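Engineer: following is a predicted model, sequence given first.
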There are 2 protein chains.
Amino acid sequence: MATTDTTAVVLFNLGGPEDLAAVEPFLVRLFSDREIIELPGGAALQPLMARLIAKMRGPEVRGNYTLIGGGSPQLRITREQAAALEGRLNMLAGGGERYRVFIAMRYSEPSSARALEAIAAEGIRRIVTLSLFPHWSKATTGSSRNEFERTLAQPRWRTTAFEIAHVEHYPDDPRYLDAFADTVRTAYARIPHGRRERAVILFSAHGLPQKFIDEGDPYVDHVEATRAGLLQRLQVPNRQLLAYQSRTGPVKWLGPGTEEVIEQLGHEGVEDLLVVPLSFVSDHIETLYEVDILFAETARRAGIAGYFRPEALNTHPLFIDALAQLVLHERGTSRRHAEPLRAGVA
Amino acid sequence: MATTDTTAVVLFNLGGPEDLAAVEPFLVRLFSDREIIELPGGAALQPLMARLIAKMRGPEVRGNYTLIGGGSPQLRITREQAAALEGRLNMLAGGGERYRVFIAMRYSEPSSARALEAIAAEGIRRIVTLSLFPHWSKATTGSSRNEFERTLAQPRWRTTAFEIAHVEHYPDDPRYLDAFADTVRTAYARIPHGRRERAVILFSAHGLPQKFIDEGDPYVDHVEATRAGLLQRLQVPNRQLLAYQSRTGPVKWLGPGTEEVIEQLGHEGVEDLLVVPLSFVSDHIETLYEVDILFAETARRAGIAGYFRPEALNTHPLFIDALAQLVLHERGTSRRHAEPLRAGVA
């Protein structure tokens, strides 16, 4: 059994369907999250509407996952990140401290509940949650944290005292930006010499309903901070833009849309495009399908000859180190602040 | 102006979005057709539900159309078929008879109403409708004919007397089967010699809710008639199967599903697959995206090395001749039966 010297790190991520049969159950969980999506008909009808929408979108979404290999690679990559982070933390940690890394997916297994069971089974009482979304939004980190808190409030956990700290955003963290800039530089170098400086760099963040931003979500500010940090590191003369991808649902969305911007750039005669997905730290449907297949086809049709994107951070050593340092810093901070043990509440 | 010697042929087809901006309006029209799809909430809510579902499916469906060139080619191909058919009919017609061919799309423009306006503008009073769905279903030809009749019942047309005949299905028409078999033979010949006789022929018809068949829709019988007619013409020793593609919505669907059958065949060690789409006579999203991109990827993942499909009939001369003969035969039949002029009804 682990001891009081062990800290559990819980990685928050969205989750995804591991195979085609899991697509509709995943969509049901996603569309049932009323904190994020308010379907017509009110809260009482939301579960029914979520099932209907999952059925209706199922065929096309299964098609998208078929084209990227038959399922989401997110759980596999998050597991690899967890293993790498655990190794890095235990290498960096001093004084007999140990780290164990767990995963809590918001809309697929393993869930928060399963992570807590595993943590408790190892006798660990100290937890640092670490979001794999560098930019905070209530749709991602906020939703994961709420789910985590709801799980902790269940009778199962009321008598267990955890000491909990959270790493919820790091859009301008220098190590994260160094790692990210490294991937962008590598992709940039693949643009043929002579055409390279005329290429356009298109940052593409995952979109959100405009309403979230209007209500105070710092997501756009965080995205802009990452863009600024990257540009400061890249020091290239290229034209660059920011757009938002993956619009869904019948509400006003952050814009401009990545696909429309690509079409426009093609019509302007742009020859080479470097698309930099901003929001995710691992490969997933939005890079492998949307960016690599769909936007690439849009670019081809619009006459863009060269189409490039950086590798996802995945287990890039600089990125894993950045995550480890964020956890260690949070542990240090929470120790200094002498945060009291979280006691179970009745 | 045309004379009483001129016959209008109205081609019934489904229609499709010509560009990406037309995808959601097209889906709204499709999902608003309560004869075909009964959404939860009843008839009063159907328009609202249709708009919601169109919004929800829009992103993925737009993606599919992006991958086949940014829109449906159906209107373009139907226009080419109309021009070829008009030429063929006027070549075959005798005794001063003339033909003009028009298009009535069910869920996009030109609609039945626009076709009737164009026919009336040319002073034509004799109409033969000709479905481009060889196999009758209430979801296709039935829906198009109902829409056509509803249009005719509008005040605009009550005082116009048309003589109308219908060609509604031709699954076992020998000329249609000869044309179809010709395309299948050409594709079959592309399978590498030595592997050809071990290839599996997979007929893939567009699926329908099982309920339609239970209520008497002859669609499956018609599909089977075409399959039998093709096999009789092909005279090949290959293993062959029938499956149904394009399942959508939360209801029981005709099976087995094409995608599942392809996976199964791959796991059985099948090396070469000839997929023969059965339901359509022109290229469209179900061949260009589903069969050529999605099922091809499914086959590749399942270990199937060779993947083949026949060209769509489009303007194949034998097929255009088949359509012309069907129209001429119907005209002859309706003349013999001395069908009275259709009078406007109050």
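Structural biologist: Noted; the coordinates are in hand. If you're wondering where the values come from, they're calculated on a predicted model, not measured in any experiment.
Engineer: please identify the helix or strand for the residue of chain A found nearest chain B.
Structural biologist: Here the residue of chain A nearest chain B is A:Glu60; by CB to the nearest CB that distance is 3.1 Å. Where you see a C-beta, it was placed from the backbone N, CA and C, and this is true even at glycine. Assessed by DSSP states H and E, A:Glu60 sits inside helix A:42-67.
Engineer: beyond that helix, next helix or strand please.
Structural biologist: helix A:74-92.
Engineer: what comes up buried for that following helix?
Structural biologist: A:Gln74, A:Leu75, A:Ile77, A:Thr78, A:Gln81, A:Ala82, A:Ala84, A:Leu85, A:Glu86, A:Arg88, A:Leu89 (16 or more other CB atoms under 10 Å in any protein chain shown).
Engineer: same thing with stretch A:294-304?
Structural biologist: Quick answer for stretch A:294-304 (16+ other CB under 10 Å): A:Leu294, A:Phe295, A:Ala296, A:Glu297, A:Thr298, A:Ala299, A:Ala302, A:Ile304.
Engineer: next up, the contacts around the residue lying closest to A:His135 once chain neighbours are set aside.
Structural biologist: In space, A:His135 comes closest to A:His222 once its chain neighbours are excluded; the distance is 3.6 Å by CB to CB, 6 or more residues apart in numbering or on different chains. By CB atoms under 8 Å, 6 or more residues apart in numbering or on different chains, the residues touching A:His222 are A:Pro134, A:His135, A:Trp136, A:His169, A:Pro171.
Engineer: quick one, grab the pLDDT at A:His222.
Structural biologist: pLDDT for A:His222: 98.
Engineer: distance-wise, check it relative to A:Trp136.
Structural biologist: Distance, A:His222 to A:Trp136, by CB to CB, to the nearest Å: 6 Å.
Engineer: any shared contact partners between those two?
Structural biologist: With CB under 8 Å, 6+ apart as the test, A:His222 and A:Trp136 both reach A:His169.
Engineer: residues near A:Val261, how many?
Structural biologist: 23 (other CB atoms under 10 Å in any protein chain shown).
Engineer: related to what we said a few turns ago, how far off centre is the helix or strand harbouring the residue nearest to A:His135?
Structural biologist: Applying DSSP H and E as the criterion places A:His222 in helix A:219-234. Its chain's average C-alpha position is 16 Å from that of helix A:219-234, according to CA atoms, centre = their mean, to the nearest Å.
Engineer: alpha carbons of it, as CSV, please.
Structural biologist: Taking C-alpha atoms only, helix A:219-234 is exported to CSV below (Å, rounded to 0.1, in the frame of the first residue of the first chain):
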residue,chain,number,x,y,z
TYR,A,219,-10.9,30.8,-22.9
VAL,A,220,-10.3,33.3,-25.7
ASP,A,221,-7.8,35.2,-23.5
HIS,A,222,-6.0,32.0,-22.7
VAL,A,223,-5.9,31.0,-26.4
GLU,A,224,-4.5,34.4,-27.3
ALA,A,225,-1.9,34.1,-24.6
THR,A,226,-0.7,30.8,-26.1
ARG,A,227,-0.7,32.3,-29.6
ALA,A,228,1.4,35.3,-28.3
GLY,A,229,3.8,33.0,-26.5
LEU,A,230,4.3,30.9,-29.6
LEU,A,231,4.8,33.8,-31.9
GLN,A,232,7.3,35.4,-29.5
ARG,A,233,9.3,32.1,-29.6
LEU,A,234,9.0,31.4,-33.3
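Engineer: quick one on the thing from earlier: just the angle between the helix holding A:Glu60 and helix B:46-67, please?
Structural biologist: Here the directions of helix A:42-67 and helix B:46-67 differ by 20 degrees (axes from the mean of the first three to the mean of the last three CA atoms, to 10 degrees).
Engineer: would you mind listing what in the stretch 101-250 of chain A touches chain B?
Structural biologist: By CB under 8 Å from any CB of the partner chain, the residues of the stretch 101-250 of chain A that approach chain B are A:Ser246, A:Arg247, A:Thr248, A:Gly249, A:Pro250.
Engineer: only whichever of the residues you listed are buried, select them in ChimeraX.
Structural biologist: Buried residues among these (16+ other CB under 10 Å), as a ChimeraX selection:
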select /A:246,247,248,249
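Engineer: tell me which two in the residues of the stretch 101-250 of chain A next to chain B are the farthest apart.
Structural biologist: Largest separation among those by CB to CB: A:Ser246 and A:Pro250, giving 14.8 Å.
Engineer: now do the domain split for chain A, please.
Structural biologist: A:20-67, A:174-308 (automatic domain parsing).
Engineer: quick check: phi and psi on A:Ala165?
Structural biologist: phi -130, psi 160 (degrees, to the nearest 10).
Engineer: what's the burial count for it?
Structural biologist: 19.
Engineer: helix or strand for the spatially closest residue to A:Pro256 that is not a sequence neighbour, which one?
Structural biologist: In space, and not counting its chain neighbours, A:Pro256 is closest to A:Ala243: 5.0 Å by CB to CB, 6+ apart. Assigned by DSSP H and E, A:Ala243 falls within strand A:240-245.
Engineer: quick one, the helix or strand following that strand and helix B:46-67 angle?
Structural biologist: On the C-terminal side of strand A:240-245, the nearest following helix or strand under DSSP H and E is helix A:258-267. Orientation check (the same axes, to 10 degrees): helix A:258-267 against helix B:46-67 gives 40 degrees.
Engineer: which residues sit against the helix or strand that helix A:258-267 is followed by?
Structural biologist: Sequence order places strand A:272-277 as the next helix or strand after helix A:258-267, per DSSP H and E. Here strand A:272-277 makes contact (CB under 8 Å, 6+ apart) with A:184, A:187-188, A:191-192, A:195-196, A:198-205, A:230, A:238, A:245, A:258, A:262, A:265, A:286-287, A:291, A:295, A:299, A:304-310, A:312.
Engineer: drop anything exposed from those.
Structural biologist: For the contacts of strand A:272-277, buried by 16+ other CB under 10 Å: A:184, A:187-188, A:191, A:196, A:199-205, A:230, A:238, A:245, A:258, A:262, A:265, A:286-287, A:291, A:295, A:299, A:304, A:306-310, A:312.
Engineer: from those residues, which land in strands?
Structural biologist: Members of those lying in strands (criterion: DSSP state E): A:Val200, A:Ile201, A:Leu202, A:Phe203, A:Ser204, A:Ala205, A:Gln245, A:Gly306, A:Tyr307, A:Phe308.
Engineer: ok, the closest residue to A:Phe295 other than its chain neighbours to A:Pro192 distance?
Structural biologist: Once flanking residues are discounted, A:Phe295 sits nearest to A:Ile262: 5.7 Å by CB to CB, 6+ apart. Plainly put, A:Ile262 is 19 Å away from A:Pro192 if you go by CB to CB.
Engineer: touching, A:Ser143 and A:Ser32? I think so.
Structural biologist: No - under the criterion of CB atoms under 8 Å, A:Ser143 is not in contact with A:Ser32, lying 11.6 Å apart.
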